[in-house]
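no sequence on this one, just coordinates:
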């Protein structure tokens with residue numbers, strides 16, 4: 001991995017982002033409209049390198065590892081590609097088209113949030129800074 005010292009470090013950063021999203025009412029309202037259980041599968045970087053978010057039934061929860069239920073959408077990518085995606089340094093739609101991000105299920109709901117990618121990137125930057133990972137922002 002280019003940006004992470006370990007798979008656990010990457011998941012810590014991604015879960016901190018989820019915490020930031022949970023605290024942003026406007027963004028959270030949009031996220032809940034996805035209405036899907038999403039598994040972010042970075043396991044090519046280690047079996048424990050994944051997390052899930054559940055936006056079903058107007059709720060929002062998240063956690064490390066595989067979700068307990070079958071996900072509606074699985075995003076398969078490296079932790080480095082995840083980092084670049086959350087930092088808004090790659091175009092997610094283009095990465096899907098080029099096979100850098102593989103999907104299982106419908107990504108339409110997620111793609112509707114593409115206009116919010118700058119807002120998510122700001123929250124991600126804040127999350128990395130709070131964790132003392134600001135060196136990861138030197139992309």
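Cool, the structure landed. Fair warning: this is a prediction, and the values are worked out from it, not measured in the lab.

can you give me the strands in this structure?
Per DSSP state E, the chain carries strands over the ranges 37-41, 50-54, 61-64, 73-76, 102-105.

Kindly reformat those strands as CSV containing distance to residue 134 and mean neighbour count.
C-beta: built from backbone N, CA, C; applies to glycine. Formatted as CSV, those follow (distance: least, C-beta to C-beta, whole Å; neighbours: other C-beta atoms under 10 Å):
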stretch, distance to residue 134, mean neighbour count
strand 37-41, 22, 23
strand 50-54, 21, 23
strand 61-64, 22, 15
strand 73-76, 25, 20
strand 102-105, 30, 14
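
Any chance of those strands in CSV with mean pLDDT and distance to residue 130 as columns?
Converted to CSV, the strands of the chain look like this (pLDDT from 0 to 100; distance: least, C-beta to C-beta, whole Å):
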stretch, mean pLDDT, distance to residue 130
strand 37-41, 96, 20
strand 50-54, 97, 18
strand 61-64, 98, 17
strand 73-76, 95, 24
strand 102-105, 94, 30
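
Quick one, which of the ones you listed gets closest to residue 85.
strand 73-76 (8.8 Å; C-beta to C-beta).

Measure how far the closest one is from the centre of its chain, please.
Taking the mean of its C-alpha atoms, strand 73-76 sits 10 Å from the chain's own mean (C-alpha atoms, centre = their mean, to the nearest Å).

How about stretch 90-110?
For stretch 90-110, the distance to the chain centre is 12 Å (C-alpha atoms, centre = their mean).

What of stretch 35-44?
8 Å.

got the contact list for that stretch?
7, 10-11, 14, 49-58, 66-67, 69-79, 82, 105-106, 109-110 (C-beta atoms under 8 Å, 6 or more residues apart in numbering).
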